[in-house]
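Student: Dropping a prediction and its sequence here:
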Amino acid sequence: MSKLKSITIADDDPGILDAVGMLLEMEGYKVNATLNGNTVINEQHDLPDIYILDIWMSGSDGRELCKKLKSAERTKHIPVILISASNDLQRSAETAGADDFLAKPFEIDALLAKIEKALQN
Amino acid sequence: MDFGFIRGGGESSALIRSIDWNKNPLGPINQWPQSLRTTLSIVLNSKFPMFLFWGPDLICFYNDAYRLSLGNNGKHPQAMGQKGIETWPEIWDFIKPLIDQVLAGGEASWNEDHLLPIYRNGKIEDVYWTFSYSPAYDETDKPAGVFVTCTETTAKVSSLNSINESKNELEFALNAAELGTWDLDPLTNKFTANKRLKKWLGFEPDTEIDLNLALNAIIAKDRQRVSDAIAKALDFSLGGNYAIQYTIVNSKNGRERVVKAKGKALFNNEKIAYKLSGTLQDITEEVAAQAAFKESEENFRKLILQAPVGMIILKGEDFFVELVNDAYLKLTGKSKKNFADRPLWEAMPESKTLGFDTILKKVMRTGVAHHGNEQPLNLIRNGQKETIYINYVYEPLKDIDGSINRIMVVAVDITEILASKLKIKDAEERARLAAVAAGVGTFDLDLRNGDLKTSERFDEIFGFDRKVNRADFVNAIHADDHEIRLNAHRRALSSGQIFYDARVVWKDNSLHWIRIDGKIYYDADEKPLRMLGTVMDITHQRNAKEELLHINQRLEIALETGSLGSYELNINTRKITFSDQFFKNYGLLPNQNLSYDDVIDLIEPSFKEDVVSAINTAILNKSIYQAEYQIRWSDGSLHWIKESGKAKYNEQGNPITFISASFDITETKQLQQQKDDFIGIASHELKTPVTSIKAYAQVLERILTNKGDIKEAELMRKMDNQLNRLTSLIGDLLDVTKVNAGKLQYNHTHFDFNEMIRFVIEDLQRTTDSHEIIENLQEVGLAYTDKERVSQVVTNLITNAIKYSPDSKKIIVHTSVEEGNVIVCIEDFGIGIAQDKLNKVFEQFYRVSGSMQHTFPGLGLGLYISSEIIKREGGKIWVTSTEGQGSKFYFSIPLQLRNTY
């Protein structure tokens, strides 16, 4: 494991980005955090090993972003975990092609388990 | 023409003269050869019976003497002039060789008393003949015919036969009777006996015996009696007859025989007996049989007297009462004295009038028993006139000699049995009539072999106009309702009752509602035997109920919106008429010319297909159509429409018109959406800060742990737990809001139920150190329900169980399946719930208060939400508890969605 695994995380709440980003870095991941979901699609270089996207963000919807990533040749192999404060959205997350879903608030251990699982596949 | 040879000669000559010989092989008489004429003249004029065969065809002739043997109704007169083979077909095989022999070599033959059965007197008779065959020569001295002289010797032979027969019979009889024979010379006391008797006595065949020796072979107690009897027989004045029964004993092997001796004395002129001779018959077996018969008869009598059923024995032609038992007396209400030694008709005059005498006489005559069932009998019993019903048997009783002189009557009082039987019959009949009158069909299902009997009305309700088998009935049930039927049958086997409503599809595809209502009958071993029940056509009730519901809904919505639009479509002509409001609702100009297809085209494409299919299904199923869909007005704006509809049918059940009512529900939809949005936004907004705080807390906890500040890290962990509580409170509040607004969404999927349970347990176990959550899961299989909601309930119940059992260490989760429902039980060993509080735990904001200063956190919404979820899933939730020992929370939900209609 020479190279660090990189994670792109999008959420319009800075607190979440800050805290979760910190936790993931503590766990040894390279984190790229963004408040604007749409920038995920425009990323041209250094594609991450995994995306963590919030569903309801101002200006974007994590499910739509997921669909786009999954339909683009360059990114379709990269796992996506959708997160949301609304736990009713699991199904729509699956429909959008997400590899996993996690309801907010969550235990960091639960998130780490899902990340590891997604990266293994 | 004058033929001297046949002149005279009696009847036979006359017969010959009358025959038309031109058609005969012999030709006309004037052409007959002299030899034939001469021979015939001898035959015809002889007084001795004679017969002649003549010529190659062996033409027959016979004389008057012979004619007698031909009898009446036999061969005479057509035998005269006939060919031999035609005359004697029955004996031709025997006589033809004789004739041939005579014709071939001229050798005569002689037979005596020979049996030649011939046809005469209308039948084949055994006839014995003594006869000779000799040649009759023609002019060339060659045998041209056979001359037969014969005598019938039948009478002589048969008398001889009968003598022989009787002689044989006598010998046979003596042998068969196995008689010993003896002679006594009273003067010398010399005793002679045949071999058999000597053998009986144990003497060698050639032994000389005298009377003393013979008397010694008699057992001691009989000996004097025999001596006296012999002495009497030898006394001329007493007639000389000897008859006595006694026992002899074999001197060699000691075998005893009971014998019957019979004899007669012969006297000389001085009236002195010179001979006493007779027979000895072994009657040992007969005596034994008699004794046995007597004994069995005695036993039989005892049996009758003790028998619990009425029995009486009648004897002789007058039917004297020989024996009557107590049960019979009780049955007839008469005393023993009444029956004593009297003919039955005196003892019971009433029974003669009923024709019993004729039957009794017949039984006595034919020896065939007579059985009578449910025979009414008018009696005076215990001083009252009563009608009783009896089953009875007249059984002929054979005496030892096989004759019938007695009849045993067995009578059983079945009045009560019959009365209850009649009652049942009556009730059955009434039920049947009621069923017919009510238009109810009935069925009778044999649960052992599946045989089904149905009434005509039953068949009719299922849409059959002829008898069909059970599978056809089952197949007639609507595919979606098979589950209902199966579950009902399954339940019935344990509950004993069956009741369900289902749809049946007739051959014309029309849909009918039926209601099955029945009961199971069990045998003595409690095994289900039959299922009896009724079927009712409840289509009208159903439709009426739905229509009412429909009308209510329509009114409700119409009142709500004040904007009911409607149209009526003639299904055959496609003619359609609209109300004014319809045009308004659909954003059209008033009285615009529209076809049905135009109306459909107004529907947004994403809804169109579903709407059309819903309408068609409703028309086919005679059900109510309901749909919500969007339409686009001509100005381009989208509007929500809620539409209901129903077809009307003619008497044949064919749809005629379809009536639709619709409302613009755009505003309602918008409000709904706003509400939903608000709930979602509130949830989102509340949870977002919690998520950040929680994440920070976890960061801090890790940092502190890494630095080794264990105490501080523990504080962060506690804060994290408090945040979890806050999260679940927010979640509960949102769910309650949704439940109360009816906005809790359900997503039904197929999933492995136990797997879901295991997942929940695993998840909770991860954050629980205080309790072990134990699985006790039975095979459940796939469920079709809302996985998220049900796991939410399980989570809630386990969380509660942990919460309310602080002093115990385990929680047990049980699952099982019963009648298509999965039952989940969460068992804890905690503080329990007081009996009077049990029903309150599922109420909103109710909280179980702990004793011993325990307080339990929470808003008291979890069980309320759980119970609402379970109710929505068509299940139920309940609890059993013992205070201080623990609680068991149960819920059950259907594994498959029930048909909600």
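Tutor: Thanks, I have it. As the structure is a computational prediction, the values presented were derived from the model and not from experiment.
Student: from here on, contacts and neighbour counts on C-alpha atoms
Tutor: Fine.
Student: Could you report the separation of the residue most central in space within chain A from residue B:753?
Tutor: Against the mean C-alpha coordinate of chain A, by C-alpha atoms, centre = their mean, the closest residue is residue A:52 at 0.7 Å. The spacing between residue A:52 and residue B:753, counted by C-alpha to C-alpha, to the nearest Å, is 30 Å.
Student: Could you do residue A:119 as well?
Tutor: According to C-alpha to C-alpha, residue A:119 stands 28 Å off from residue B:753.
Student: which residues does the residue nearest to the centre of chain A form a beta bridge with?
Tutor: Counting by DSSP bridges, residue A:52 is bridged to residue A:9, residue A:81.
Student: now stretch B:501-513, how far from the centre of its chain.
Tutor: The chain centre lies 32 Å from the centre of stretch B:501-513; the measure is C-alpha atoms, centre = their mean, to the nearest Å.
Student: can you list the residues that contact stretch B:589-598?
Tutor: Applying C-alpha atoms under 8 Å, 6 or more residues apart in numbering or on different chains, the contact partners of stretch B:589-598 are B:569, B:574-576, B:578, B:580, B:583-584.
Student: Nearest residue to residue B:792 in space, please, no chain neighbours.
Tutor: The shortest distance from residue B:792 to any residue other than its chain neighbours is 7.6 Å, reached at residue B:866 (C-alpha to C-alpha, 6 or more residues apart in numbering or on different chains).
Student: circling back: verify the contact between the residue nearest to the centre of chain A and residue A:78 for me.
Tutor: No: counting by C-alpha atoms under 8 Å, residue A:52 does not reach residue A:78; the two are 10.8 Å apart.
Student: Now residue B:448: closest residue in space, sequence neighbours ignored.
Tutor: What sits nearest to residue B:448 in space, not counting adjacent residues and going by C-alpha to C-alpha, 6+ apart, is residue B:529, at 6.3 Å.
Student: Remind me which helix or strand the one you found belongs to.
Tutor: With secondary structure defined by DSSP states H and E, residue B:529 is part of strand B:528-537.
Student: can you give me the strands in chain A?
Tutor: A:6-10, A:30-34, A:50-54, A:56-57, A:60-61, A:80-84, A:100-103 (DSSP state E).
Student: how about TSV for those, with mean pLDDT added?
Tutor: Rendered in TSV, the data for those read as follows (pLDDT from 0 to 100):
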stretch	mean pLDDT
strand A:6-10	94
strand A:30-34	92
strand A:50-54	94
strand A:56-57	84
strand A:60-61	88
strand A:80-84	94
strand A:100-103	92
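Student: OK, contacts around the residue nearest to residue B:448?
Tutor: With contacts taken as C-alpha under 8 Å, 6+ apart, residue B:529 has the following neighbours: B:446-448, B:520-523.
Student: Please report the distance of it from chain A.
Tutor: Look at residue B:529 and chain A: by C-alpha to the nearest C-alpha, to the nearest Å, they are 51 Å apart.
Student: Neighbouring strands - and their directions - for the strand holding residue B:529?
Tutor: Listed by DSSP bridges, the sheet partners of strand B:528-537 and their directions read strand B:441-446 (antiparallel), strand B:511-522 (antiparallel).
Student: Dump those strands to CSV, plus mean pLDDT and mean neighbour count.
Tutor: Converted to CSV, these look like this (pLDDT from 0 to 100; neighbours: other C-alpha atoms under 10 Å in any protein chain shown):
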stretch, mean pLDDT, mean neighbour count
strand B:441-446, 85, 20
strand B:511-522, 84, 19
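Student: and residue B:836, which of those is closest to it?
Tutor: The closest of the strands paired with strand B:528-537 to residue B:836 is strand B:511-522. By C-alpha to C-alpha, the value is 37.0 Å.
Student: just the CA coordinates of the closest one, formatted as CSV?
Tutor: Coordinates of each C-alpha in strand B:511-522 appear next as CSV, following Å, rounded to 0.1, in the frame of the first residue of the first chain:
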residue,chain,number,x,y,z
LEU,B,511,-66.6,-11.4,-12.0
HIS,B,512,-68.7,-12.5,-9.0
TRP,B,513,-68.2,-12.3,-5.3
ILE,B,514,-68.9,-15.3,-3.2
ARG,B,515,-68.9,-16.0,0.5
ILE,B,516,-68.0,-19.4,1.8
ASP,B,517,-69.2,-20.2,5.3
GLY,B,518,-68.8,-23.6,6.8
LYS,B,519,-67.9,-25.9,9.6
ILE,B,520,-65.7,-29.0,9.9
TYR,B,521,-67.1,-32.2,11.4
TYR,B,522,-64.7,-34.6,13.2
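Student: what's that strand in contact with?
Tutor: Taking C-alpha under 8 Å, 6+ apart as the rule, strand B:511-522 contacts B:461, B:492-493, B:496-506, B:528-539, B:542, B:620-622.
Student: Check the offset of it from the chain's centre.
Tutor: 23 Å.
Student: now stretch B:583-594
Tutor: With C-alpha atoms, centre = their mean as the basis, stretch B:583-594 stands 70 Å off its chain's centre.
Student: same question, stretch B:374-394
Tutor: Centre to centre, stretch against its chain (C-alpha atoms, centre = their mean), the figure for stretch B:374-394 is 34 Å.
Student: now it: mean pLDDT?
Tutor: Regarding stretch B:374-394, the rounded mean pLDDT is 78.
Student: Can you give me the end-to-end span of it?
Tutor: For stretch B:374-394, the first-to-last residue distance is 15 Å (C-alpha to C-alpha).
Student: Please look at residue B:46 and residue B:40 and confirm they touch.
Tutor: No: between residue B:46 and residue B:40 no contact is recorded; they are 9.9 Å apart, counting by C-alpha under 8 Å.
Student: tally of neighbours for residue B:589?
Tutor: Applying the criterion other C-alpha atoms under 10 Å in any protein chain shown, we find 12 residues in the vicinity of residue B:589.
Student: Give me the sheet partners of the helix or strand hosting residue B:134 and which way each runs.
Tutor: Using DSSP H and E, the element containing residue B:134 is strand B:128-137. Sheet neighbours of strand B:128-137, with direction, are listed as strand B:109-115 (antiparallel), strand B:143-152 (antiparallel) (DSSP bridges).
Student: can I get those strands in TSV with mean pLDDT and mean neighbour count?
Tutor: Formatted as TSV, the entries for the strands paired with strand B:128-137 read as follows, by pLDDT from 0 to 100; neighbours: other C-alpha under 10 Å:
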stretch	mean pLDDT	mean neighbour count
strand B:109-115	77	15
strand B:143-152	82	23
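Student: Please name whichever of the ones you listed is nearest to residue B:670.
Tutor: Closest to residue B:670 of those is strand B:109-115 (C-alpha to C-alpha; 127.5 Å).
Student: Pairing partners for the helix or strand just after that closest one, with directions?
Tutor: As assigned by DSSP H and E, the chain's next helix or strand after strand B:109-115 is strand B:118-120. If you go by DSSP bridges, strand B:118-120 pairs up with strand B:123-125 (antiparallel).
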